[in-house]
Each structure stands twice: as C-alpha cells, then as structure tokens.
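# Sharing a model that was predicted from the sequence below.
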Amino acid sequence: MGEMEYEVNEAEIVLPSHLSFKKIQMSEKYPKGQARNRHWKNLKQIIRDDSVRNQHPDEPNYVNIATPPSMHPAKRICDITGYEAPYYDPRTNLRYANTEVFKQIRSLPNEYVQRYLALRNAAVVLK
C-alpha cells in the first residue's frame, strides 16, 4: 500500500448567527458599530474620584494600601528550601519540608542554626 497524501484546502469557518444555548445573543446586546460601554480609568482618575476621597481613612483603597491583619493563619515556610513546611525540628526549632532537609538540619553546626533562626526573628539560645 502506498502512502496517501491529503491536501488541505483553505476552509472557511462559518458560525451561525444565532446560538441556541445563549439566552442573550451578542448581536442583540451589542449591535454592529455600537460601543460596549466600557470606560477604563487610570490611577490619576481613580485618585481624583470623589468616591475614593470620601471613603473612611482606615478602609483599604488605591490611595491607602494599609490593611488589617489577615484572619488566616500564617503559612509555615521551610527555613532551608523556602517550600511550605509541615514539620519542625524540636531540637533546633527549624522548620523543614521533607526528610532530606531534616538530615541537613541535623548536620548543621549550632552557629548556622542560630543564623537561620535569626533570619526568621526566632533566635533562641540552644543548649
């Protein structure tokens, strides 16, 4: 059997003007040539807007990005790799992500452990 070669001709894809699964057709919602009523504002316009200036000063907005503390618990991050750490070593108080990192933590000298804890502002004197 010989190989059959298929020639691909340019095909025009014709979409029906009415899609039965849509409740509101695009042609009804936006007739040809009509704008879609989107008005984008840049940051200067947002700052000048009265609604931003009249907001409560403690409420976060584009001008004041201070927000209240999160209600979710803080994520624990591995001190060595930076991945999420479900475990911590009770002897050194370092957090770790897996067994390979745990082996590295146990082989670290005490001064290195103190440096890692100082990075996290959790430095303690270890015995």
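On my side now, so go ahead. Computed from a predicted structure; not experimentally measured.
# roughly how far apart are residue 59 and residue 68?
Applying Cβ to Cβ, to the nearest Å, the value for residue 59 to residue 68 is 10 Å. (Each C-beta comes from the backbone N, C-alpha and C, glycine too.)
# Rounded mean pLDDT for stretch 120-127, please.
Stretch 120-127 shows a mean pLDDT of 69.
# Dihedrals phi and psi, the nearest residue to residue 87 once chain neighbours are set aside?
Once flanking residues are discounted, residue 87 sits nearest to residue 96: 5.5 Å by Cβ to Cβ, 6 or more residues apart in numbering. The phi/psi pair for residue 96 (degrees, to the nearest 10) reads phi -140, psi 160.
# how about residue 96, what does it touch?
By Cβ atoms under 8 Å, 6 or more residues apart in numbering, the contact list for residue 96 reads 78, 79, 80, 81, 85, 87, 88, 89, 102, 105.
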